[in-house]
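Visitor: A predicted structure for the sequence below; I have some questions about it.
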Amino acid sequence: MTDYLNRIGAGKIIRDHAPLTFDYIPDELVGRDAELTKLGEIFTGIEDGRVSCRAVITGQVGSGKTVLSHCFSKDLQRHFAGTRDIRPVHVNCRNHPSKTQVLQRLITALDSGHPERGLGSGEIMQSLRRQLHGNKEHLLLVLDEVDHLLRSDKGDLLYQLLRIDEGLEQAGTLSLIIISQTQVLDLLEPAIISRFGTSNHVHLEVYAAEQLEAIARQRAEAACIEGTVPDGVLRTIGQRAAEIGDARLAIELLEDSAKKAERSGRGEIIPDDVRIVAREVGQTVEPNVVENLTLHAQLSLLSLCRRLRKEDEVTTGDAEKLYHVVCEEYEVEPRSHTTFWKHLKTLEQQQLIESRTANQTSGRGRTQHLSMPAALPGTLEKRVEGAIERSVRKARL
Ligand SMILES: Nc1ncnc2c1ncn2[C@@H]1O[C@H](COP(=O)(O)OP(=O)(O)OP(=O)(O)O)[C@@H](O)[C@H]1O
Ligand SMILES: [Mg+2]
């Protein structure tokens, strides 16, 4: 019955929620001028119709790889409009992890009338060549989280894309940017490494406190009512987020402290709001807590994060279904019901989750509800995904 209190103060600080979401792309990138300049240098000559470029972007979780590639391709397109028609297409290989899926995504982005399914990768490649060679657009393909593709494809598609002009009276059809959290260069075929060239590598260093403060300031200006987020608050956000250097954490701290202040009926955030929110995060986002879990405990945790990002509780039944989906995604055999339960208990002992038992409103029995009061599921999710990647890779070696 106290739910109505949650609405106290709503709207006193946050004017627009969109800039606080992770997919929001700001007009300007904060504090990455040197990296943008380096990309610009790599793309020197792109205005010439016969030139293609290629670049590799690496960096840890939340270092701004994805947003850098979006801002760069937008800038490039805008700057050369009138000289060269550049068409950026961004494909996230986490969602499209096979060669055929990437090609399908690519061809439908270029030609919305193209049949979605039913064609093999060879046919799509043919059709892609025809289409690209037939028009004047230069394709700038960004393959984000490319390690997912490399795992299944070993670089075959990259190799084909890089050779798209070979044997034809063509040049400069396609430029390629690949992005990965880990050092993908080592995983690639040597032939591709030489084609990408080590000088085309842009590595993003982890953000320091001032940069994270500036990122939080940019979001606060876009999302919050003027005068509701004082400098001291932004400084505190920068300092706390610098403990892991993830820009997502800075944005999440801003949103959560704004909501916390609104719930207390205030029209201004105070540094204590940030401290309280950050202290709760600090306990659990310790990287080694996640790293030290077994693979299946990590998979269970990931399924919980995904749901709890949107809702405040999940039932154990739903959690188990989500766990199966996550196992399928990583191509590992799910453990039995009993083992899954044990993993939930482990997560509870580590204070990553809490559970409460409630009488079911319909049907018999009691249902367990799981929640994550001491962590920010969105930030934790990325961390767990990174840890799972490493565990899965190790297990396959
Ligand atoms: N320099 C920046 N200026 C403004 N916003 C930024 C900057 N860097 C990161 N962000 C924001 O922080 C969030 C995380 O950045 P992004 O998604 O680009 O990280 P990433 O390196 O791709 O992470 P992951 O490895 O998890 O894919 C996004 O909402 C992004 O817009
Ligand atoms: Mg990314």
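Guide: All right, it came through fine. Ligands and ions are numbered 1, 2, ... in the order given.
Visitor: Please count neighbours and contacts with C-alpha atoms only from this point.
Guide: OK.
Visitor: Around ligand 1, which positions in the chain sit nearby?
Guide: Proximity of the chain to ligand 1 (Cα under 6 Å from any ligand atom) is limited to residues 22-25, 29-32, 60-67, 181, 215, 247-248, 382.
Visitor: Please flag which of those residues sit within strands.
Guide: Among those, no member falls in strands (DSSP state E).
Visitor: Would you mind listing which of those are buried?
Guide: 29-30, 60-67, 181, 215, 247-248, 382 (16 or more other Cα atoms under 10 Å).
Visitor: Out of the helices and strands in the chain, which is least certain?
Guide: Evaluated with mean pLDDT, DSSP states H and E, the helix-and-strand set of the chain has its lowest mean pLDDT in helix 190-196, which scores a mean of 70.
Visitor: For the stretch 1-150 of the chain, which segments count as strands?
Guide: All strands of the stretch 1-150 of the chain, identified by DSSP state E, counting those that start in this stretch, fall at 54-59, 86-92, 138-144.
Visitor: The helix or strand containing residue 177 to strand 138-144, inter-axis angle?
Guide: Element membership for residue 177, per DSSP states H and E: strand 174-180. Between the direction of strand 174-180 and that of strand 138-144, the angle (axes from the mean of the first three to the mean of the last three Cα atoms, to 10 degrees) works out to 10 degrees.
Visitor: Residue 377 versus the closest residue to residue 17 other than its chain neighbours, what's the distance?
Guide: Nearest non-adjacent residue to residue 17, counting by Cα to Cα, 6 or more residues apart in numbering: residue 223, 6.1 Å away. When Cα to Cα, to the nearest Å is the yardstick, residue 223 and residue 377 sit 21 Å from each other.
Visitor: more crowded one of the two?
Guide: Per other Cα atoms under 10 Å, whichever of residue 223 and residue 377 has more neighbours is residue 377, with 27 against 19.
Visitor: which residues sit in contact with the more buried one?
Guide: 305, 306, 308, 309 (Cα atoms under 8 Å, 6 or more residues apart in numbering).
Visitor: pLDDT value on the nearest residue to residue 300 once chain neighbours are set aside, please?
Guide: Closest residue to residue 300 in three dimensions, ignoring its sequence neighbours and counting by Cα to Cα, 6+ apart: residue 323, at 5.4 Å. If you check residue 323, the pLDDT there is 97.
Visitor: part of a helix, is residue 323?
Guide: Yes: applying DSSP: H, G, I helix; E, B strand; the rest coil, one finds residue 323 inside a helix.
Visitor: isn't it right up against residue 297?
Guide: No: at 9.8 Å, residue 323 does not count as touching residue 297 under the criterion of Cα atoms under 8 Å.
Visitor: what about residue 203, is that helix, strand or coil?
Guide: strand.
Visitor: Tell me the spacing between it and residue 258.
Guide: Residue 203 is 33 Å from residue 258, where distance means Cα to Cα.
Visitor: and what of residue 30?
Guide: According to Cα to Cα, residue 30 and residue 258 sit 21 Å apart.
Visitor: Tell me which of the strands of the stretch 1-150 of the chain lies nearest to residue 340.
Guide: strand 86-92 (29.8 Å; Cα to Cα).
Visitor: which helices and strands sit right next to that closest one?
Guide: Applying 3 or more Cα pairs under 8 Å, 6 or more residues apart in numbering; DSSP states H and E, one finds that strand 86-92 contacts helix 65-79, helix 99-110, strand 138-144.
Visitor: hmm, 6 Å instead?
Guide: Packing contacts for strand 86-92, counted by 3 or more Cα pairs under 6 Å, 6 or more residues apart in numbering; DSSP states H and E, involve strand 138-144.
Visitor: From the rest of the structure, what touches the strand it packs on?
Guide: By Cα atoms under 6 Å, 6 or more residues apart in numbering, the list of residues contacting strand 138-144 from outside reads 85-93, 173-179.
Visitor: Tell me how this structure divides into domains.
Guide: Under automatic domain parsing, the residue ranges defining each domain of the chain are 33-204, 207-284, 288-396.
Visitor: Convert stretch 20-36 to PDB, retaining C-alpha atoms only.
Guide: Once side chains and other backbone atoms are set aside, the C-alpha atoms of stretch 20-36 remain, and they are given as PDB (Å, rounded to 0.1, in the frame of the first residue of the first chain):
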ATOM      1  CA  LEU A  20      19.700   8.200 -19.500                       C
ATOM      2  CA  THR A  21      19.200   5.100 -21.500                       C
ATOM      3  CA  PHE A  22      22.400   3.300 -22.700                       C
ATOM      4  CA  ASP A  23      21.400   3.300 -26.400                       C
ATOM      5  CA  TYR A  24      21.100   7.100 -26.500                       C
ATOM      6  CA  ILE A  25      23.700   8.600 -28.800                       C
ATOM      7  CA  PRO A  26      24.800  12.100 -27.700                       C
ATOM      8  CA  ASP A  27      25.500  14.700 -30.400                       C
ATOM      9  CA  GLU A  28      29.100  15.000 -29.200                       C
ATOM     10  CA  LEU A  29      31.500  12.600 -27.600                       C
ATOM     11  CA  VAL A  30      33.100  13.700 -24.400                       C
ATOM     12  CA  GLY A  31      36.800  13.500 -23.900                       C
ATOM     13  CA  ARG A  32      37.700  11.200 -26.900                       C
ATOM     14  CA  ASP A  33      39.100  13.800 -29.200                       C
ATOM     15  CA  ALA A  34      42.500  12.000 -29.600                       C
ATOM     16  CA  GLU A  35      40.700   8.800 -30.500                       C
ATOM     17  CA  LEU A  36      38.500  10.500 -33.000                       C
END
